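**Student:** Got a sequence here, can you model it:
(one chain, ligands or ions: 2)
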Amino acid sequence: MNSEANKERQSIIITICSTKGGVGKTTLAANIGGLLVDLEYKVLLIDGDIQPGLSSYYSIKKYSKSGLSQLIKNEGNLQDCISNTVIPNLDIVISNDPDGIIQDWITGMPAGRITLKGALDNLRSFYDFIIIDSQGANSPLQHTTVLAADILVSPIPPDIVSSREFQRGTLGMLKLLEPLSGLTSLGQLYGLIYRKDRTKDAQLFSDELTSMTFQESKSKIRILNTMVPSLVAYKNASTDKTPVHKIDQRANETMCELVSEILPNLANQCKRFRETTK
Ligand SMILES: Nc1ncnc2c1ncn2[C@@H]1O[C@H](COP(=O)(O)OP(=O)(O)OP(=O)(O)O)[C@@H](O)[C@H]1O
Ligand SMILES: [Mg+2]
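**Tutor:** Numbering: from 1, shown residues only. Ligands and ions are numbered 1, 2, ... in the order given. Sure, this is the predicted structure:
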(Lines give C-alpha, C1' and ligand atoms only; values in the text may rest on other atoms or scores of the structure.)
(Ligands and ions follow the chains in the order given, each with its own letter.)
Protein backbone atom coordinates (compact mmCIF):
# COMPACT_ATOMS: atom_id res chain seq x y z
CA MET A 1 0.00 0.00 0.00
CA ASN A 2 1.45 3.36 -1.00
CA SER A 3 -0.50 5.52 1.44
CA GLU A 4 0.67 6.58 4.85
CA ALA A 5 -1.74 7.09 7.72
CA ASN A 6 -2.38 10.74 8.44
CA LYS A 7 -4.43 11.67 11.49
CA GLU A 8 -5.66 14.84 9.81
CA ARG A 9 -7.10 12.87 6.92
CA GLN A 10 -10.71 11.64 6.99
CA SER A 11 -11.69 10.00 3.74
CA ILE A 12 -14.94 10.85 2.04
CA ILE A 13 -16.62 7.65 0.87
CA ILE A 14 -18.49 7.78 -2.44
CA THR A 15 -20.54 4.80 -3.63
CA ILE A 16 -21.72 4.57 -7.22
CA CYS A 17 -25.00 2.69 -7.14
CA SER A 18 -28.03 1.68 -9.13
CA THR A 19 -30.28 -1.35 -9.01
CA LYS A 20 -30.02 -1.46 -12.80
CA GLY A 21 -27.14 -3.19 -14.58
CA GLY A 22 -25.02 -1.69 -17.36
CA VAL A 23 -25.75 1.98 -16.59
CA GLY A 24 -22.10 3.09 -16.23
CA LYS A 25 -21.31 2.53 -12.54
CA THR A 26 -17.89 0.95 -13.04
CA THR A 27 -16.87 3.51 -15.66
CA LEU A 28 -17.85 6.34 -13.32
CA ALA A 29 -16.09 4.86 -10.29
CA ALA A 30 -12.85 4.37 -12.25
CA ASN A 31 -12.95 7.86 -13.76
CA ILE A 32 -13.88 9.79 -10.62
CA GLY A 33 -11.05 7.96 -8.85
CA GLY A 34 -8.62 8.68 -11.70
CA LEU A 35 -9.42 12.40 -11.70
CA LEU A 36 -9.12 12.73 -7.91
CA VAL A 37 -5.62 11.22 -8.13
CA ASP A 38 -4.67 13.84 -10.73
CA LEU A 39 -5.99 16.48 -8.32
CA GLU A 40 -3.28 15.08 -6.00
CA TYR A 41 -5.42 13.10 -3.59
CA LYS A 42 -4.83 9.59 -2.30
CA VAL A 43 -7.63 7.35 -3.50
CA LEU A 44 -8.80 3.84 -2.71
CA LEU A 45 -11.10 2.13 -5.20
CA ILE A 46 -13.25 -0.74 -3.96
CA ASP A 47 -14.67 -3.24 -6.41
CA GLY A 48 -17.93 -4.02 -4.63
CA ASP A 49 -19.32 -6.16 -7.44
CA ILE A 50 -19.05 -9.94 -7.61
CA GLN A 51 -18.35 -9.58 -11.34
CA PRO A 52 -14.96 -7.88 -11.09
CA GLY A 53 -15.17 -5.04 -13.64
CA LEU A 54 -13.42 -2.33 -11.64
CA SER A 55 -10.70 -4.80 -10.56
CA SER A 56 -9.43 -4.94 -14.13
CA TYR A 57 -10.06 -1.32 -15.20
CA TYR A 58 -6.52 -0.24 -14.22
CA SER A 59 -3.38 -2.37 -14.46
CA ILE A 60 -2.25 -3.77 -11.14
CA LYS A 61 1.34 -3.35 -9.98
CA LYS A 62 1.10 -5.46 -6.85
CA TYR A 63 -1.68 -7.86 -5.92
CA SER A 64 -2.37 -8.40 -2.24
CA LYS A 65 -3.42 -11.78 -0.89
CA SER A 66 -6.90 -10.68 0.22
CA GLY A 67 -9.67 -8.49 -1.17
CA LEU A 68 -13.35 -7.62 -0.96
CA SER A 69 -14.50 -10.67 1.06
CA GLN A 70 -12.02 -10.08 3.88
CA LEU A 71 -12.70 -6.31 3.86
CA ILE A 72 -16.47 -6.83 4.17
CA LYS A 73 -15.92 -9.24 7.06
CA ASN A 74 -13.47 -6.76 8.62
CA GLU A 75 -11.20 -9.78 8.98
CA GLY A 76 -7.44 -9.84 9.64
CA ASN A 77 -5.09 -7.02 8.70
CA LEU A 78 -7.03 -4.70 6.40
CA GLN A 79 -3.82 -3.59 4.68
CA ASP A 80 -3.67 -7.12 3.24
CA CYS A 81 -6.90 -6.41 1.31
CA ILE A 82 -5.34 -3.53 -0.61
CA SER A 83 -3.62 -3.97 -3.98
CA ASN A 84 -1.66 -1.25 -5.78
CA THR A 85 -2.45 -0.08 -9.29
CA VAL A 86 0.32 1.13 -11.58
CA ILE A 87 -0.91 4.68 -10.94
CA PRO A 88 0.78 6.18 -7.86
CA ASN A 89 -1.69 7.05 -5.05
CA LEU A 90 -4.40 4.87 -6.60
CA ASP A 91 -4.99 1.67 -4.63
CA ILE A 92 -7.73 -0.91 -5.02
CA VAL A 93 -9.57 -3.64 -3.16
CA ILE A 94 -10.05 -6.41 -5.70
CA SER A 95 -13.28 -8.40 -5.92
CA ASN A 96 -12.35 -11.98 -4.99
CA ASP A 97 -15.65 -13.81 -4.52
CA PRO A 98 -16.87 -14.96 -7.96
CA ASP A 99 -19.51 -17.29 -6.47
CA GLY A 100 -21.01 -14.59 -4.26
CA ILE A 101 -20.53 -16.54 -1.03
CA ILE A 102 -20.21 -13.23 0.82
CA GLN A 103 -23.93 -12.58 0.22
CA ASP A 104 -24.80 -15.44 2.62
CA TRP A 105 -22.30 -14.17 5.18
CA ILE A 106 -23.83 -10.67 5.06
CA THR A 107 -27.36 -12.04 5.42
CA GLY A 108 -26.40 -14.44 8.21
CA MET A 109 -24.63 -11.93 10.44
CA PRO A 110 -26.71 -9.61 12.65
CA ALA A 111 -24.53 -6.60 11.71
CA GLY A 112 -23.57 -7.99 8.28
CA ARG A 113 -24.78 -4.97 6.32
CA ILE A 114 -22.77 -2.44 8.33
CA THR A 115 -19.50 -4.32 8.88
CA LEU A 116 -17.98 -2.77 5.74
CA LYS A 117 -18.65 0.71 7.09
CA GLY A 118 -16.78 -0.24 10.29
CA ALA A 119 -13.86 -1.62 8.28
CA LEU A 120 -13.63 1.54 6.18
CA ASP A 121 -13.66 3.73 9.27
CA ASN A 122 -10.31 2.08 10.05
CA LEU A 123 -8.96 3.13 6.64
CA ARG A 124 -10.19 6.73 6.66
CA SER A 125 -6.87 8.14 7.82
CA PHE A 126 -5.02 6.51 4.91
CA TYR A 127 -7.01 7.98 2.00
CA ASP A 128 -8.62 11.26 1.00
CA PHE A 129 -11.31 9.47 -0.98
CA ILE A 130 -12.69 5.95 -1.08
CA ILE A 131 -14.71 5.21 -4.22
CA ILE A 132 -16.92 2.11 -4.18
CA ASP A 133 -18.32 0.45 -7.28
CA SER A 134 -21.41 -1.62 -6.49
CA GLN A 135 -23.47 -4.46 -7.84
CA GLY A 136 -26.28 -3.58 -10.25
CA ALA A 137 -28.89 -5.54 -8.34
CA ASN A 138 -30.78 -5.15 -5.10
CA SER A 139 -28.71 -7.53 -2.93
CA PRO A 140 -27.13 -7.76 0.54
CA LEU A 141 -23.75 -6.90 -1.03
CA GLN A 142 -25.21 -3.80 -2.64
CA HIS A 143 -26.75 -2.76 0.70
CA THR A 144 -23.36 -2.94 2.46
CA THR A 145 -21.76 -0.67 -0.14
CA VAL A 146 -24.65 1.82 0.02
CA LEU A 147 -24.66 1.90 3.83
CA ALA A 148 -20.90 2.60 3.88
CA ALA A 149 -21.23 5.81 1.82
CA ASP A 150 -21.10 9.48 2.73
CA ILE A 151 -22.20 10.32 -0.81
CA LEU A 152 -24.16 8.19 -3.27
CA VAL A 153 -24.08 8.81 -7.01
CA SER A 154 -26.56 6.99 -9.22
CA PRO A 155 -26.23 7.12 -13.02
CA ILE A 156 -29.60 7.29 -14.79
CA PRO A 157 -29.93 6.82 -18.56
CA PRO A 158 -32.30 9.53 -19.88
CA ASP A 159 -35.29 7.46 -20.89
CA ILE A 160 -38.60 6.85 -19.24
CA VAL A 161 -38.02 3.15 -18.53
CA SER A 162 -34.75 3.91 -16.74
CA SER A 163 -36.27 6.73 -14.72
CA ARG A 164 -39.07 4.41 -13.54
CA GLU A 165 -36.47 1.78 -12.67
CA PHE A 166 -34.55 4.46 -10.75
CA GLN A 167 -37.64 5.35 -8.72
CA ARG A 168 -38.84 1.81 -8.20
CA GLY A 169 -35.45 0.17 -7.83
CA THR A 170 -32.82 2.55 -6.45
CA LEU A 171 -35.14 4.77 -4.41
CA GLY A 172 -37.05 1.65 -3.28
CA MET A 173 -33.79 0.09 -2.09
CA LEU A 174 -32.94 3.23 -0.09
CA LYS A 175 -36.39 3.16 1.51
CA LEU A 176 -35.74 -0.45 2.49
CA LEU A 177 -32.48 0.60 4.16
CA GLU A 178 -33.97 3.59 5.98
CA PRO A 179 -34.72 1.64 9.20
CA LEU A 180 -30.96 1.06 9.45
CA SER A 181 -30.24 4.78 9.24
CA GLY A 182 -30.28 4.97 13.03
CA LEU A 183 -27.19 2.76 12.98
CA THR A 184 -25.48 4.52 10.10
CA SER A 185 -26.97 7.59 8.45
CA LEU A 186 -27.63 7.25 4.72
CA GLY A 187 -25.44 9.34 2.43
CA GLN A 188 -26.72 12.18 0.26
CA LEU A 189 -27.97 10.73 -3.04
CA TYR A 190 -27.21 12.44 -6.34
CA GLY A 191 -28.90 11.31 -9.55
CA LEU A 192 -26.67 11.74 -12.60
CA ILE A 193 -28.16 11.81 -16.09
CA TYR A 194 -25.81 9.44 -17.82
CA ARG A 195 -25.14 8.62 -21.45
CA LYS A 196 -27.31 11.29 -22.90
CA ASP A 197 -27.33 11.45 -26.68
CA ARG A 198 -28.06 14.35 -28.99
CA THR A 199 -31.54 13.18 -29.97
CA LYS A 200 -33.04 13.54 -26.52
CA ASP A 201 -34.04 16.67 -24.74
CA ALA A 202 -32.00 15.86 -21.67
CA GLN A 203 -32.83 19.10 -19.86
CA LEU A 204 -36.56 18.43 -20.10
CA PHE A 205 -35.99 14.89 -18.91
CA SER A 206 -33.85 16.15 -16.02
CA ASP A 207 -36.58 18.62 -14.95
CA GLU A 208 -39.21 15.89 -15.03
CA LEU A 209 -37.00 13.53 -13.06
CA THR A 210 -36.31 16.23 -10.48
CA SER A 211 -40.01 16.89 -9.89
CA MET A 212 -40.90 13.17 -9.83
CA THR A 213 -38.17 12.24 -7.36
CA PHE A 214 -38.61 15.35 -5.23
CA GLN A 215 -42.16 14.36 -4.28
CA GLU A 216 -41.15 10.81 -3.55
CA SER A 217 -37.96 11.44 -1.60
CA LYS A 218 -38.78 14.84 -0.08
CA SER A 219 -35.55 16.41 -1.33
CA LYS A 220 -33.22 13.64 -0.09
CA ILE A 221 -32.18 13.20 -3.69
CA ARG A 222 -30.80 15.84 -6.00
CA ILE A 223 -30.54 15.49 -9.76
CA LEU A 224 -27.16 16.94 -10.76
CA ASN A 225 -26.82 19.71 -13.34
CA THR A 226 -23.87 17.82 -14.82
CA MET A 227 -24.89 15.31 -17.48
CA VAL A 228 -22.51 12.73 -18.91
CA PRO A 229 -22.85 12.37 -22.68
CA SER A 230 -22.61 9.14 -24.58
CA LEU A 231 -19.07 9.22 -25.91
CA VAL A 232 -16.87 6.52 -27.38
CA ALA A 233 -13.94 7.97 -25.37
CA TYR A 234 -15.30 6.26 -22.21
CA LYS A 235 -15.02 2.86 -23.89
CA ASN A 236 -11.61 3.72 -25.38
CA ALA A 237 -10.31 4.87 -22.01
CA SER A 238 -11.35 1.59 -20.45
CA THR A 239 -9.58 -0.35 -23.24
CA ASP A 240 -6.46 1.79 -22.66
CA LYS A 241 -6.77 1.30 -18.87
CA THR A 242 -6.56 5.01 -18.36
CA PRO A 243 -8.83 7.72 -16.90
CA VAL A 244 -11.02 9.23 -19.62
CA HIS A 245 -10.05 12.84 -18.74
CA LYS A 246 -6.53 12.07 -20.00
CA ILE A 247 -7.63 11.12 -23.50
CA ASP A 248 -10.58 13.38 -24.29
CA GLN A 249 -11.12 17.12 -23.70
CA ARG A 250 -14.90 16.89 -23.55
CA ALA A 251 -14.73 14.11 -21.01
CA ASN A 252 -12.12 16.10 -19.06
CA GLU A 253 -14.58 18.96 -18.84
CA THR A 254 -17.49 16.70 -17.84
CA MET A 255 -15.55 14.86 -15.15
CA CYS A 256 -14.25 18.14 -13.66
CA GLU A 257 -17.79 19.55 -13.65
CA LEU A 258 -19.10 16.40 -11.98
CA VAL A 259 -16.44 16.34 -9.26
CA SER A 260 -17.00 20.08 -8.60
CA GLU A 261 -20.71 19.48 -8.19
CA ILE A 262 -20.57 16.52 -5.80
CA LEU A 263 -17.52 17.90 -3.93
CA PRO A 264 -17.98 21.71 -4.02
CA ASN A 265 -14.84 22.23 -1.92
CA LEU A 266 -12.82 21.03 -4.92
CA ALA A 267 -14.45 23.41 -7.43
CA ASN A 268 -11.51 25.85 -7.60
CA GLN A 269 -9.01 23.04 -7.85
CA CYS A 270 -11.01 21.46 -10.69
CA LYS A 271 -11.14 24.82 -12.47
CA ARG A 272 -7.35 25.23 -12.22
CA PHE A 273 -6.86 21.66 -13.40
CA ARG A 274 -9.09 22.31 -16.43
CA GLU A 275 -7.11 25.43 -17.29
CA THR A 276 -3.76 23.63 -17.14
CA THR A 277 -4.92 20.60 -19.11
CA LYS A 278 -6.74 22.37 -21.96
N1 LIG B 1 -20.47 7.89 -21.17
C2 LIG B 1 -20.41 6.75 -21.86
N3 LIG B 1 -20.58 6.78 -23.19
C4 LIG B 1 -20.54 5.65 -23.93
N5 LIG B 1 -20.32 4.42 -23.42
C6 LIG B 1 -20.15 4.32 -22.09
C7 LIG B 1 -20.18 5.47 -21.25
N8 LIG B 1 -19.97 5.06 -19.97
C9 LIG B 1 -19.83 3.73 -20.02
N10 LIG B 1 -19.93 3.26 -21.28
C11 LIG B 1 -19.86 1.86 -21.71
O12 LIG B 1 -21.06 1.21 -21.30
C13 LIG B 1 -20.82 -0.13 -20.89
C14 LIG B 1 -21.38 -0.36 -19.49
O15 LIG B 1 -20.67 0.48 -18.57
P16 LIG B 1 -20.26 -0.02 -17.11
O17 LIG B 1 -19.60 -1.37 -17.18
O18 LIG B 1 -19.52 1.07 -16.49
O19 LIG B 1 -21.71 -0.18 -16.47
P20 LIG B 1 -22.09 -0.85 -15.05
O21 LIG B 1 -23.25 -0.09 -14.53
O22 LIG B 1 -20.90 -0.96 -14.20
O23 LIG B 1 -22.55 -2.31 -15.51
P24 LIG B 1 -22.78 -3.60 -14.54
O25 LIG B 1 -24.09 -3.37 -13.83
O26 LIG B 1 -22.84 -4.74 -15.52
O27 LIG B 1 -21.63 -3.69 -13.60
C28 LIG B 1 -19.31 -0.31 -21.00
O29 LIG B 1 -19.04 -0.95 -22.21
C30 LIG B 1 -18.75 1.11 -21.00
O31 LIG B 1 -17.52 1.21 -21.72
MG1 LIG C 1 -20.03 -2.56 -13.22
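**Student:** So which bits of the protein are right by ligand 2?
**Tutor:** Applying C-beta under 5 Å from the ion, we find that the chain lies next to ligand 2 at 25, 26, 53. Placement of C-beta: from N, CA and C, glycine included.
**Student:** wait, does the helix or strand containing the second one make contact with ligand 1?
**Tutor:** The reference is to residue 26. Using DSSP states H and E, the element containing residue 26 is helix 25-38. Yes. Using C-beta under 6 Å from any ligand atom, helix 25-38 reaches ligand 1 at 25, 26, 27.
**Student:** now the angle between helix 25-38 and the next helix or strand after that helix, please.
**Tutor:** Where DSSP H and E defines the elements, the next helix or strand beyond helix 25-38 is strand 43-48. Per axes from the mean of the first three to the mean of the last three C-alpha atoms, to 10 degrees, the angle that strand 43-48 makes with helix 25-38 is 170 degrees.
**Student:** To which secondary structure element type does the residue of the stretch 1-150 of the chain found nearest ligand 1 belong?
**Tutor:** Closest residue of the stretch 1-150 of the chain to ligand 1, C-beta to the nearest ligand atom: residue 136 (2.9 Å). Classification of residue 136 using DSSP: H, G, I helix; E, B strand; the rest coil returns coil.
**Student:** wait, it sits on residue 25?
**Tutor:** Yes. Residue 136 is in contact with residue 25 according to C-beta atoms under 8 Å; the separation is 6.4 Å.
**Student:** if you count what's nearby, which of those two comes out ahead?
**Tutor:** Legend: neighbour count by other C-beta atoms under 10 Å for residue 136 and residue 25, higher for residue 25 (27 against 20).
**Student:** How about residue 50: what's its closest non-neighbour residue?
**Tutor:** Spatially, and ignoring its direct neighbours in sequence, residue 50 is nearest to residue 100 (4.7 Å; C-beta to C-beta, 6 or more residues apart in numbering).
**Student:** in the lowest-mean-pLDDT helix or strand in the chain, what's buried?
**Tutor:** Here the helix or strand of the chain ranked lowest by mean pLDDT, DSSP states H and E is helix 202-217, holding a mean of 75. Using 16 or more other C-beta atoms under 10 Å as the test for burial, helix 202-217 gives 202, 205, 206, 209, 212, 213, 217.
**Student:** Find the nearest non-adjacent residue to residue 136, please.
**Tutor:** That would be residue 21: by C-beta to C-beta, 6+ apart, it lies 3.6 Å from residue 136.
**Student:** Can you get me a residue count around whichever residue of the chain sits closest to ligand 2?
**Tutor:** Minimum separation of the chain from ligand 2 (C-beta to the ion) falls at residue 26, amounting to 3.3 Å. Counted with other C-beta under 10 Å, residues neighbouring residue 26 total 24.
**Student:** now it, nearest residue through space, not along the chain?
**Tutor:** Residue 26's closest residue in space is residue 53 (C-beta to C-beta, 6+ apart), at 4.1 Å.
**Student:** okay, now the one you found: neighbour count?
**Tutor:** Per other C-beta under 10 Å, the neighbour tally for residue 53 reads 17.
**Student:** Now do the contacts for it.
**Tutor:** 26, 47, 133 (C-beta atoms under 8 Å, 6 or more residues apart in numbering).
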